[in-house]
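**Student:** okay, here's the prediction I keep looking at, along with the sequence it came from:
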Number of protein chains: 2
Amino acid sequence: MKFYDCATAPSPRRVRIFIAEKGLDIPVEQVDLGTGAQMSAAFRAKNPRCTVPVLELDDGSCLGESVAICDYLEALFPEPALFGRTPKEHALTLMWTHWVEDLGFAAVAEVFRNSAKGFKGRALPGPENLEQIPALVERGRQRIDFFYRFLDQALADRAYLIGEVYTFADISALVVVEFAQRVKLAMPESCTTLAEWYRRVAARPATRV
Amino acid sequence: MKFYDCATAPSPRRVRIFIAEKGLDIPVEQVDLGTGAQMSAAFRAKNPRCTVPVLELDDGSCLGESVAICDYLEALFPEPALFGRTPKEHALTLMWTHWVEDLGFAAVAEVFRNSAKGFKGRALPGPENLEQIPALVERGRQRIDFFYRFLDQALADRAYLIGEVYTFADISALVVVEFAQRVKLAMPESCTTLAEWYRRVAARPATRV
C-alpha cells in the first residue's frame, strides 16, 4: 500500500491520525498541493477528483476519500477498533463523522477557501475552477459557531461523540476544530464540555502527526 | 424499529430504496417538513440536526443520517449485499457515496434551497436559519454539469459505480440524478453512458418508492 498525503491539509490528517492509532507503517508520498501536483495526469488516474488523501492498494487500485480509506484499514487491521464494536456503534461512528463533515468541515472550508487570496478562482477542491463567493465567508462563520455549540451539547452526557468509546468520529472532529483555529475561529468560551473533550483527545500521542 | 420518512424529500428516498431492495418491512412515520414537524422538541430529541431520515432502533436510540442507517441495516440484514462483499468493495461503496453527495447532492441542494421561495431564510437544512445566497444558484448549476460528466466518465468501463456490482452508491446517484431533474437540470445529451446506467438502475422495482 501507499498513502498519498499532504502534510499541511486537514483531510489527510484524519487518515494520518487513524494510521498512527492503529500503529501501522504505510509508505507515504507527499503531494504538493501548492504547485498543483494533484492535477497531474498521473495523480488524476489515481483519483479523478484530484484531492488528497489517496490510498493506493496492493492491486494498484485507489481509494480517494478519507472515510473510505479508514473503513478499508479498519477491515484489514481491526485492532484497536476505531469504528466501535457493534453494528450500532459502527453506524453511529459514520453518522457523527458525516455530521462533523457537514456541519464543521464544510463550514470551515467555506470560510477558508472563499477568503484566502491563494484560492481565488479555486473556491472548491477538485479539477473545476470556481470563483470565490464572499457571502460564504460570513455564513461559514455563523455555521462554525453552530458546529461548536452542537458538539458541546452532544458531549454533555458522554466522553466521546458516539458514547464511551473513542472513534474515527472524534478524530474527524479534532481535525475540524484545529482547522477552524487556522481561520481564527476559536471555540466559544461557553463550550466548556467541548474544550474538555478537546484537551483529552488532543493529548493522545497519535495526534502528533 | 421505526423509520421516520418524508415522501417528498430526496435523502430519505435513498433509505426507502435500500429498504425495498432488502425486502424489509419497517414501520414508517411521515414527518411533515412543510409544517416544520422536524423542529418539534419530540423530533429534535431523536435527531438534533432536525432532518430526515431517522431510524429509531428497538432500544429507543436513533440514527439520523442516511449512510449510517443503511450501514446499520446492512449489518443486520446482509442479503442482498448492497455495500459489496469485500473490504475493497465496501470502501469503494463509501467513497462513491461520498463523492455523489459532495459533487452531486450538495450541488443540487445549493440550487434548490437558494432559489426556491419556500426556502427564503432557510438556505440550509437544520435548526439554523440562514439567508439564501443567489450566487450559489449559478455555481450549483455549473457543479451539477460537472457531476453528470464525472459519473459519465467513471461508468465508461463498468456497469455500476464501484464495478460490476450494484450498491448503495448507485442508489445515492439515482436519487441525486432525479433530484436534479426537479430543479430542471437535465443530463447533458453527450452523457450517453450515464443515461444508459440511469435506465438500468431506474428500472429496478425497488426504485418505485
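**Tutor:** That came through, no problem.

**Student:** every contact and neighbour count from this point should use C-alpha atoms.
**Tutor:** OK.

**Student:** mind telling me what element the residue in chain A sticking out farthest from the centre is part of?
**Tutor:** Using C-alpha atoms, centre = their mean, the residue of chain A lying farthest from its centre is A:D59. It sits 25.8 Å away. Using DSSP states H and E, A:D59 is not contained in any helix or strand.

**Student:** any idea how far A:R204 is from it?
**Tutor:** Taking C-alpha to C-alpha, to the nearest Å as the measure, A:D59 falls 33 Å from A:R204.

**Student:** and A:T51, by the same measure?
**Tutor:** Distance from A:T51 to A:R204, by C-alpha to C-alpha: 27 Å.

**Student:** so which of the two has more stuff around it?
**Tutor:** A:T51 (25 against 11; other C-alpha atoms under 10 Å in any protein chain shown).

**Student:** show me which residues of chain A are close to chain B?
**Tutor:** A:63-65, A:67-69, A:71-72, A:75-76, A:87-88, A:90-95, A:98, A:128, A:130, A:133, A:135, A:139, A:146 (C-alpha under 8 Å from any C-alpha of the partner chain).

**Student:** those residues in helices, which ones?
**Tutor:** Of the positions in those, A:67-69, A:71-72, A:75-76, A:87-88, A:90-95, A:98, A:135, A:139, A:146 sit in helices, assigned by DSSP state H.

**Student:** count of neighbours near A:S190?
**Tutor:** The burial count for A:S190: 11, using other C-alpha under 10 Å.

**Student:** also A:A45?
**Tutor:** Neighbours of A:A45 under the rule other C-alpha under 10 Å: 13.

**Student:** with the one 10 residues further on instead?
**Tutor:** Summarising burial for A:L55: neighbours were counted as other C-alpha under 10 Å, giving 28.

**Student:** in this structure A:F43 contacts A:A37, no?
**Tutor:** Yes - contact status for A:F43 versus A:A37: in contact at 7.4 Å, counting by C-alpha atoms under 8 Å.

**Student:** domains of chain A?
**Tutor:** Domain assignment for chain A by automatic domain parsing gives A:2-76, A:87-207.

**Student:** with mean pLDDT added, can I get those domains in TSV?
**Tutor:** As requested, these are exported to TSV (pLDDT from 0 to 100):
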stretch	mean pLDDT
domain A:2-76	96
domain A:87-207	96
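
**Student:** nearest to B:A7, out of those?
**Tutor:** B:A7 lies closest, by C-alpha to C-alpha, to one member of the domains of chain A: domain A:87-207, at 21.7 Å.

**Student:** start to end distance for that closest one?
**Tutor:** 26 Å.

**Student:** and the helices in chain A?
**Tutor:** A:10-22, A:41-46, A:66-76, A:87-99, A:106-115, A:135-154, A:168-182, A:192-202.

**Student:** would a markdown table of those with distance to B:P80 be doable?
**Tutor:** Listed next are those as a markdown table, based on distance: least, C-alpha to C-alpha, whole Å:
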| stretch | distance to B:P80 |
| --- | --- |
| helix A:10-22 | 30 |
| helix A:41-46 | 30 |
| helix A:66-76 | 20 |
| helix A:87-99 | 17 |
| helix A:106-115 | 34 |
| helix A:135-154 | 35 |
| helix A:168-182 | 27 |
| helix A:192-202 | 38 |
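
**Student:** between those helices, which one is nearest to B:A20?
**Tutor:** helix A:87-99 (19.6 Å).

**Student:** who are the packing partners of the closest one?
**Tutor:** If you count contacts as 3 or more C-alpha pairs under 8 Å, 6 or more residues apart in numbering or on different chains; DSSP states H and E, helix A:87-99 packs onto helix A:168-182, strand B:62-63, helix B:66-76.

**Student:** ok, which of those comes nearest B:A180?
**Tutor:** helix B:66-76 (18.6 Å).

**Student:** which residues sit against the closest one?
**Tutor:** Helix B:66-76 is contacted from outside by A:87-88, A:90-95, B:11-12, B:14-15, B:18, B:53-55, B:63, B:81-83, using C-alpha atoms under 8 Å, 6 or more residues apart in numbering or on different chains.

**Student:** ok, now stretch A:95-106?
**Tutor:** A:143-144, A:146-147, A:161-162, A:168-170, A:172-173, A:176-177, B:63-65, B:67-68.

**Student:** buried ones from these, can you make that a ChimeraX selection?
**Tutor:** The following ChimeraX line selects those of those that are buried, judged by 16 or more other C-alpha atoms under 10 Å in any protein chain shown:
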select /A:143,144,146,147,161,162,168,169,170,172,173,176,177 /B:63,64,65,67,68
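
**Student:** assess the claim that A:E164 and A:D157 are in contact.
**Tutor:** No - counting by C-alpha under 8 Å, A:E164 stays clear of A:D157, with 9.7 Å between them.

**Student:** still on that earlier bit, now do the residue farthest from the centre of chain A against B:A169, distance only.
**Tutor:** 22 Å.

**Student:** same question for A:R16.
**Tutor:** A:R16 is 26 Å from B:A169, by C-alpha to C-alpha.

**Student:** burial of the nearest residue to A:A107 once chain neighbours are set aside, as a residue count?
**Tutor:** Once flanking residues are discounted, A:A107 sits nearest to A:G140: 4.7 Å by C-alpha to C-alpha, 6 or more residues apart in numbering or on different chains. Look at A:G140: counted by other C-alpha under 10 Å, it has 22 neighbours.

**Student:** do the same with A:R44
**Tutor:** 16.

**Student:** ok, back up a step: show me the contacts for the residue farthest from the centre of chain A.
**Tutor:** So A:D59 contacts nothing (C-alpha under 8 Å, 6+ apart).

**Student:** ok, now A:A195?
**Tutor:** If you count contacts by C-alpha under 8 Å, 6+ apart, A:A195 has them with A:M187.

**Student:** how much space separates it from A:R13?
**Tutor:** 20 Å.

**Student:** now swap in A:P127 and tell me
**Tutor:** 21 Å.

**Student:** compare those two (neighbour count), which wins?
**Tutor:** A:R13 (23 against 15).

**Student:** the more buried one is in contact with A:R208, isn't it?
**Tutor:** No - between A:R13 and A:R208 there is no contact under C-alpha under 8 Å: 10.0 Å.

**Student:** dump the residue contacts of the closest residue to A:T167 other than its chain neighbours.
**Tutor:** Leaving aside its sequence neighbours, A:T167 sits nearest to A:L82 (C-alpha to C-alpha, 6+ apart; 4.4 Å). Under the criterion of C-alpha under 8 Å, 6+ apart, the contact list for A:L82 reads A:18, A:74, A:166-168.
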